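Visitor: no sequence for this one, just the structure:
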């Protein structure tokens, strides 16, 4: 079973059959985005024509040599006794080149394996598109959460402005503090407004993958703070054999062997066989004509082609070894990034965020009582907001590493979805 079939089967098992909807969805899940890309992406649709062209090349290479009809005129328009057409000899012949060494079958075998390479490239292209879909989906989900965080910043600035104005009215805060908080609030509102543009761009970038310019959904259904379970590296290392690059190298090795066999057929010369009827104009008689031609030195000339094919075949195991090592190294790096992102996320969730929230609560109460300055309160606010952004970054990094690992092992991407 090739990677393409596995991916389709996995998507079907994970997400179920697509359900027709009467109106565009207000929110879009990852499985719906993946289904749209698989069904409507222009690159995948164009790849279908590559498959058809590859099938036709197989038929082309399996064709036998054609028959040839020939007419030969001798002693035409000469001089003396053969002037004009009196001595004309006309030969009508039928012939063809007979290929020895089963060349047609060998060419067909090469074309079939070349079509296999096309399929592997399409599998890789399909997985790349699924990964890119997940990346853009993840980027859009991140902006959605960043918009929520931007709203929280605006709310904090408004609460701070209320506290400062209360102190200002009773003469406990200077006008400069109120102006400073008003500036911070305006900046926070600008940052919130910017997320609206980023959301629109993100929706469009995702919709482009299935051939639409305008998005027909408002949001994506992703719970970024829900992290998927981390597989053991040994399990991932075994699954990497499903990578299309390794499957392509295996087919490439078989293709090199087929080309070696095709090169060896050059040592057997092809026969040019013709038969016909000759008409003698002088006597009005006819006779049969047979001819057989065979090139000499075919074995010697074929040695260069055989040596080239042998050299190319000898490199395939080395390329496969190098590709496998490179993929395993990349997988190892991604697995470490995955574990590190989870550790970061858990530290922020369990230790840093609770402490930052409690610190801000204390500073709010202390500022209202006059124990802390606006500068100290602002530092506490920034500490909490930065911790929330870092927690989001850790969660996004974890999902991003999962997407790249899924691409390496030929699996469908998964991102935590809202229940």
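Guide: Nice, thanks for sending it over. Everything quoted here is computed from the prediction, not taken from an experiment. Residues are numbered from 1 along each chain as shown.

Visitor: Which parts of this protein are strands?
Guide: Ranges of strands within the chain are 27-28, 68-74, 89-98, 219-220, 271-280, 285-293, based on DSSP state E.

Visitor: helices and strands around the last one, which ones?
Guide: Counting by 3 or more C-beta pairs under 8 Å, 6 or more residues apart in numbering; DSSP states H and E, the packing neighbours recorded for strand 285-293 are strand 89-98, strand 271-280. Where you see a C-beta, it was placed from the backbone N, CA and C, and this is true even at glycine.

Visitor: quick one, which of those is nearest to residue 216?
Guide: strand 89-98 (60.1 Å; C-beta to C-beta).

Visitor: Measure how that closest one sits relative to strand 285-293, angle-wise.
Guide: Counting by axes from the mean of the first three to the mean of the last three C-alpha atoms, to 10 degrees, strand 89-98 lies at 30 degrees to strand 285-293.

Visitor: which residues touch strand 89-98?
Guide: 65-75, 270-281, 289, 291 (C-beta atoms under 8 Å, 6 or more residues apart in numbering).

Visitor: gap between it and the chain center?
Guide: With C-alpha atoms, centre = their mean, to the nearest Å as the basis, strand 89-98 stands 54 Å off its chain's centre.

Visitor: repeat for stretch 310-318
Guide: 27 Å.

Visitor: picking that back up, show me how to select, in PyMOL, the buried members of the contacts of strand 89-98.
Guide: In PyMOL, a selection of the buried entries from those looks like this (16 or more other C-beta atoms under 10 Å):
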select buried, resi 75+270+272+274+276+278+281
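
Visitor: pLDDT averaged over the lengthiest helix in the chain - what is it?
Guide: Counting residues, the longest helix found in the chain (DSSP state H) is helix 103-169. Averaged across helix 103-169, pLDDT comes to 89.

Visitor: tell me which strands and helices it is in contact with?
Guide: Packed next to helix 103-169, using 3+ C-beta pairs under 8 Å, 6+ apart, are helix 3-15, helix 30-40, helix 42-61, helix 175-208, strand 219-220, helix 244-264, helix 353-368, helix 374-409.

Visitor: most neighbours per residue, which of the ones you listed?
Guide: strand 219-220 (a mean of 21; mean count of other C-beta atoms under 10 Å).

Visitor: Could you list every helix and strand that that one packs against?
Guide: Counting by 3+ C-beta pairs under 8 Å, 6+ apart, strand 219-220 packs on strand 27-28, helix 103-169.

Visitor: Please enumerate residues in contact with it?
Guide: 26, 27, 28, 29, 30, 33, 137, 140, 141, 144, 206.

Visitor: Go ahead and measure how far it is from the middle of the chain.
Guide: On C-alpha atoms, centre = their mean, the centre of strand 219-220 falls 23 Å from the chain's centre.

Visitor: Relative to residue 112, how far out is residue 59?
Guide: 11 Å (C-beta to C-beta, to the nearest Å).

Visitor: Next: residue 134.
Guide: 33 Å.

Visitor: How about the contacts made by the residue nearest to residue 348 when sequence neighbours are not counted?
Guide: In this structure, residue 348 finds its nearest non-sequential neighbour in residue 391, 3.9 Å apart by C-beta to C-beta, 6 or more residues apart in numbering. With contacts defined as C-beta under 8 Å, 6+ apart, residue 391 is in contact with 225, 345, 348, 349, 352, 353.

Visitor: next one: residue 139
Guide: Residue 139 makes contact with 202, 205, according to C-beta under 8 Å, 6+ apart.

Visitor: can you rerun that using 6 Å?
Guide: The contact partners of residue 139, taken as C-beta atoms under 6 Å, 6 or more residues apart in numbering, are residue 202.

Visitor: Might you list the low-confidence residue ranges for the stretch 201-350 of the chain?
Guide: By pLDDT under 70, the stretch 201-350 of the chain has no low-scoring segment.

Visitor: pLDDT score for the residue nearest to residue 348?
Guide: 95.

Visitor: Tell me which of the strands of the chain sits nearest to residue 361.
Guide: When these are compared for distance to residue 361 using C-beta to C-beta, the nearest one is strand 219-220, at 30.9 Å.

Visitor: Within the sheet, what are the partner strands of that closest one, with directions?
Guide: strand 27-28 (parallel) (DSSP bridges).

Visitor: Can you give the contact residues for the strand it pairs with?
Guide: 217, 219, 220, 221.

Visitor: tell me which of these is nearest to residue 182?
Guide: residue 219 (31.6 Å).

Visitor: Can I have the buried ones of the contacts of residue 391 as a ChimeraX selection?
Guide: Per 16+ other C-beta under 10 Å, the buried members of the contacts of residue 391 correspond to this ChimeraX selection:
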select :345,348,352,353
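
Visitor: burial measure for residue 326, as a count.
Guide: Using other C-beta atoms under 10 Å, residue 326 has 11 neighbouring residues.

Visitor: Torsion angles phi and psi at residue 218?
Guide: Note on residue 218: backbone dihedrals following degrees, to the nearest 10 are phi -100, psi -30.

Visitor: OK, contacts around it?
Guide: Applying C-beta under 6 Å, 6+ apart, the residues near residue 218 are residue 26.

Visitor: do you know how far it is from residue 40?
Guide: Using C-beta to C-beta, residue 218 is found at 20 Å from residue 40.

Visitor: Likewise for residue 162?
Guide: Using C-beta to C-beta, we find residue 162 at a distance of 51 Å from residue 40.
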